[in-house]
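Colleague: below is the sequence, then the predicted model.
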Amino acid sequence: DTEVTQTPKHLVMGMTNKKSLKCEQHMGHRAMYWYKQKAKKPPELMFVYSYEKLSINESVPSRFSPECPNSSLLNLHLHALQPEDSALYLCASSQDRDVSTDTQYFGPGTRLTVL
Amino acid sequence: AQSVTQLGSHVSVSEGALVLLRCNYSSSVPPYLFWYVQYPNQGLQLLLKYTTGATLVKGINGFEAEFKKSETSFHLTKPSAHMSDAAEYFCAVRVNSGYSTLTFGKGTMLLVSP
């Protein structure tokens, strides 16, 4: 089973709202990722958690706040977003980033619209 | 630094025709290469990967790719296109060097006509 689940599927929020995206995997993977994908573009890496510790933050604005409560769960807290933050947000997981053949598996994404 | 270049932002084929999506990589160390497919409004699905061993890699849905070090290429092929193959395809590279991340190409949209 290589399933990564994401909720909600769609989210519409105003610029003053606070919302959260959720990602879950039960494959025993120890690395989890957040990507942002704009239309007709490849995914852009935002954050990486490895063994529940934040290992990469790709200079993402502080209005995006990741959280990894446990090895199966990854959240992305959103606050005071801008319309240009509207995008598809993808979560991925992989077994272990220290392993050379590590492979990422992606969830279905959350389509975010900021009004 | 590692990178991948996908030649052609759009490729059009007829149903039943050969599919060829091109990917060239640039890496100073042995690369690990991946092809992902993305259907409209969905996430990325792993099609196949090359890590070590056999250079001809078979994936899901009848796709395969061949790693050619001399040509720095990892082109994706399928002998006979189906309408359901219409999607965006991304080539990606990861090098075996510390905490490396996945670098994606810009993607190729495959269009299949009846």
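Modeller: Yes, it's here. Predicted, not measured: the structure shown is a model, and the values here were computed from it.
Colleague: does the most centrally placed residue in chain A have beta-bridge partners, and which?
Modeller: By CA atoms, centre = their mean, the mean C-alpha position of chain A lies nearest to A:W34, the distance being 2.7 Å. Taking DSSP bridges as the rule, A:W34 bridges to A:F47, A:C91.
Colleague: cool, B:T108 as well?
Modeller: So, taking DSSP bridges as the rule, B:T108 has B:Y89 as bridge partners.
Colleague: try A:H77
Modeller: Taking DSSP bridges as the rule, A:H77 bridges to A:S20, A:S65.
Colleague: contacting residues for the residue nearest to the centre of chain A?
Modeller: A:W34 is in contact with A:C23, A:L45, A:M46, A:F47, A:P66, A:L74, A:L76, A:Y89, A:L90, A:C91, counting by CB atoms under 8 Å, 6 or more residues apart in numbering or on different chains. In short, each C-beta sits where N, CA and C put it, glycine included.
Colleague: one more: A:Q104?
Modeller: Counted by CB under 8 Å, 6+ apart, A:Q104 has contacts A:Y33, A:A92, A:S93, A:S94, B:L46, B:L102.
Colleague: quick check on these: which are buried?
Modeller: A:Y33, A:A92, A:S93, A:S94, B:L46, B:L102 (16 or more other CB atoms under 10 Å in any protein chain shown).
Colleague: reformat those as CSV; add pLDDT.
Modeller: Shown next, in CSV, are those (pLDDT from 0 to 100):
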residue, pLDDT
A:Y33, 95
A:A92, 96
A:S93, 94
A:S94, 92
B:L46, 95
B:L102, 88
